[in-house]
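Asker: Next comes the sequence, and after it the predicted model I'd like to discuss.
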Amino acid sequence: MRRAIFSAAVLAAAATAGAASAHHSFAMFDRSKEVVLTGVVKEFQWTNPHSWVQLTVPQPGGTSVEWSVESGSPSSLARQGWKRTSLKPGDAVTLTINPLRSGQPGGNFVSVKFADGRVLGRNSGSAPEGAGR
């Protein structure tokens, strides 16, 4: 009986471990590269499990591309000095990201530089320019 309970517990742990590690995989991002995007915040989604920045980036010829940038959870961002109002629609910013491996316009957040020179990074909170990278 003990063996059956132990086996069931091991199987349950193994079944949920795969789902947990898959959720936290960064394999879709090329973390060996950083791309710098200058544009205007369309939307900042302060949501669980990850926050998102929708950034409109102007292109040559007058067109623009919307980039979707994934960031941390609201609770982890708040511990780093973020607020739900840290990025507002219309803010002109420069985002540094790890791009998607697929080449699509998206990536994983590294840092944001505001027009006034402030920088927020994924692990640095409010930091001097270049910190937290």
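Answerer: Looks like it arrived, so ask away. Numbers count the residues shown, from 1 in each chain.

Asker: Tell me if I am right that Ser76 is in a helix.
Answerer: Yes. Counting by DSSP: H, G, I helix; E, B strand; the rest coil, Ser76 is located in a helix.

Asker: Renumber starting at 838 from here on
Answerer: OK, 838 is where the count begins now, so the last one is Ser913.

Asker: Do you know the pLDDT at it?
Answerer: Note for Ser913: predicted pLDDT of 90.

Asker: In the protein, where is pLDDT below threshold?
Answerer: The chain contains residues with pLDDT under 70 at 838-861, 959-970.

Asker: what's the single longest strand in it?
Answerer: strand 872-882 (DSSP state E).

Asker: I'd like to know which elements the helix or strand hosting Pro936 is packed against.
Answerer: Secondary structure assignment for Pro936, by DSSP states H and E: strand 929-936. Helices and strands touching strand 929-936, by 3 or more CB pairs under 8 Å, 6 or more residues apart in numbering; DSSP states H and E, are strand 872-882, strand 889-895, strand 901-907, strand 943-951. (Glycine included, C-beta is placed from N, CA and C.)

Asker: and Ala929, which of the ones you listed is closest to it?
Answerer: Of all these, it is strand 872-882 that lies closest to Ala929, at 5.6 Å by CB to CB.

Asker: on contacts alone, who are the packing partners of the closest one?
Answerer: When contacts are defined as 3+ CB pairs under 8 Å, 6+ apart, strand 872-882 packs onto strand 889-895, strand 901-907, strand 929-936.

Asker: Phe881 - how many residues pack around it?
Answerer: 21 (other CB atoms under 10 Å).

Asker: can you check the one 10 residues further on too?
Answerer: Here the count is done by other CB under 10 Å, and Gln891 has 18 residues near it.
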